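Peer 1: Sequence first, predicted coordinates after that:
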Amino acid sequence: MVSVTGSNGKTTTTTLIQLMLDYKRAQGHAYAAGNIGIPLSQVAQKVTDQDVMVTELSSFQLMGTTTVKPKIAVLTNIYEAHLDFHGSRANYVQAKMRIVQNQTADDYFVVNWDLPELRELSQQTKAQVVPFSRLGASQAGAYVEAGQLCFKGEAIMPVEEINIPGDHNVENALAALAGAKLMGQSNEAIIEVLTTFTGVKHRMQFVTEYQQRRFYNDSKATNMEATEVALKSFQQPIVLIAGGLDRGFTFEPLLPLLKAHVKAVILYGETKQLLAQTAKEAGIQVIEIVDHLTEAVPAAYAASAAGDVVLLSPACASWDQFKTFEERGDVYLDAVDKIIAE
């Protein structure tokens, strides 16, 4: 079993590892399970000793584990999350670190070396520590050097050829390739997956390119922090679709990124006026307000030009107009399809 936890990047990293380990696999299969949406208990009933389970584990799941013992444990990062449930950051961190509680010296702990806190936490494991570092803090595992993804002194592929954008996805790629290499997988498998993977659905998912516009679905961006990550991921001008449930926040933290990356905003939902005020303060010239996401998508296309990115990254929860962020993302995908069909 390869197990992945962390505040952000769990699902993408889990998916990447599963795809890498399943690529041209001679015997058995690599299965993804757990917090990714497929119950571990369901997969555990059919796996054999020829198979690998790549499991995404949340802090909630890890709190209840006593015997879990992954061959490879991956910790992507730790940020502030779920403190309303765990009660304190210390409790949250303790839950995450249960992923290594039963590991031995024959196992591996793949950990983000760019975060000093995680370097300290790595001292808690008996497993062999394998760091990954986008910033080149260590070359003992997976790292970036001279624009290349590397593993223990071996250059594997250029960073710029990773198909999913953003620094956060460079980190996810490093964590995944470390896991894959430790499982003995080939560079061919790693390169194939990282150059073709279009993203987990609703998480910075590349949808399509049409009329020289690239459409991305980031419906999972249910808070400002996630939208900040999305906006940092592109060099091209962005037409941003945003809005949703009003939780009483203002959107000032988005100001610098709106100024730097966004040429137009199309806004809907309960927060549309609040977001419009922030966009105005950012100096964005094109600010359009609509009632629903179905209207926002054609408006965004109309406001875009060749070379632009049309990005759904709402910065808000979906519950004002949708049951889930998945439903919201599916509406966006359908609206993009409709533009192409027409």
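Peer 2: Okay, I see it.
Peer 1: Strands of the stretch 151-300 of the chain, residue ranges please.
Peer 2: Assigned by DSSP state E, counting those that start in this stretch, the strands in the stretch 151-300 of the chain fall at 154-158, 205-210, 213-217, 238-242, 262-267, 286-289.
Peer 1: With distance to A173 added, can I get those in a markdown table?
Peer 2: Just so you know, the C-beta spots here come from the backbone N, C-alpha and C atoms, and that holds for glycine as well. Listed next are the strands of the stretch 151-300 of the chain as a markdown table, based on distance: least, CB to CB, whole Å:
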| stretch | distance to A173 |
| --- | --- |
| strand 154-158 | 9 |
| strand 205-210 | 15 |
| strand 213-217 | 18 |
| strand 238-242 | 22 |
| strand 262-267 | 26 |
| strand 286-289 | 34 |
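Peer 1: got the domain boundaries for the protein?
Peer 2: Here the domain assignment for the chain is 2-196, 205-341, based on automatic domain parsing.
Peer 1: Throw those into a markdown table and include mean neighbour count and mean pLDDT, thanks.
Peer 2: Formatted as a markdown table, these follow (neighbours: other CB atoms under 10 Å; pLDDT from 0 to 100):
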| stretch | mean neighbour count | mean pLDDT |
| --- | --- | --- |
| domain 2-196 | 19 | 94 |
| domain 205-341 | 19 | 96 |
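Peer 1: Would you check how far apart L177 and T198 are?
Peer 2: 18 Å (CB to CB, to the nearest Å).
Peer 1: sorry, back to before: between the strands of the stretch 151-300 of the chain, which gets nearest to K10?
Peer 2: strand 205-210 (15.8 Å; CB to CB).
Peer 1: May I have the closest one exported as CSV, CA atoms only?
Peer 2: Extracted in CSV, the C-alpha atoms of strand 205-210 (Å, rounded to 0.1, in the frame of the first residue of the first chain):
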residue,chain,number,x,y,z
GLN,A,205,-8.9,20.5,-14.6
PHE,A,206,-8.0,21.4,-18.1
VAL,A,207,-11.2,21.1,-20.1
THR,A,208,-10.4,22.0,-23.7
GLU,A,209,-8.9,24.5,-26.0
TYR,A,210,-11.3,26.2,-28.4
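Peer 1: tell me which strands and helices it is in contact with?
Peer 2: strand 213-217, helix 325-341 (3 or more CB pairs under 8 Å, 6 or more residues apart in numbering; DSSP states H and E).
Peer 1: which one of these lies closest to A32?
Peer 2: For the helices and strands packed on strand 205-210, the distance to A32 is smallest for helix 325-341, at 16.9 Å, taking CB to CB.
Peer 1: report the angle between the axes of that closest one and strand 205-210?
Peer 2: 10 degrees (axes from the mean of the first three to the mean of the last three CA atoms, to 10 degrees).
Peer 1: residues making contact with helix 325-341?
Peer 2: For helix 325-341, the surrounding residues in contact (CB atoms under 8 Å, 6 or more residues apart in numbering) are 201-202, 205, 207-208, 210, 215, 217, 219-220, 222, 241, 244, 293-294, 296-298, 301, 312, 314, 317-318, 321-322.
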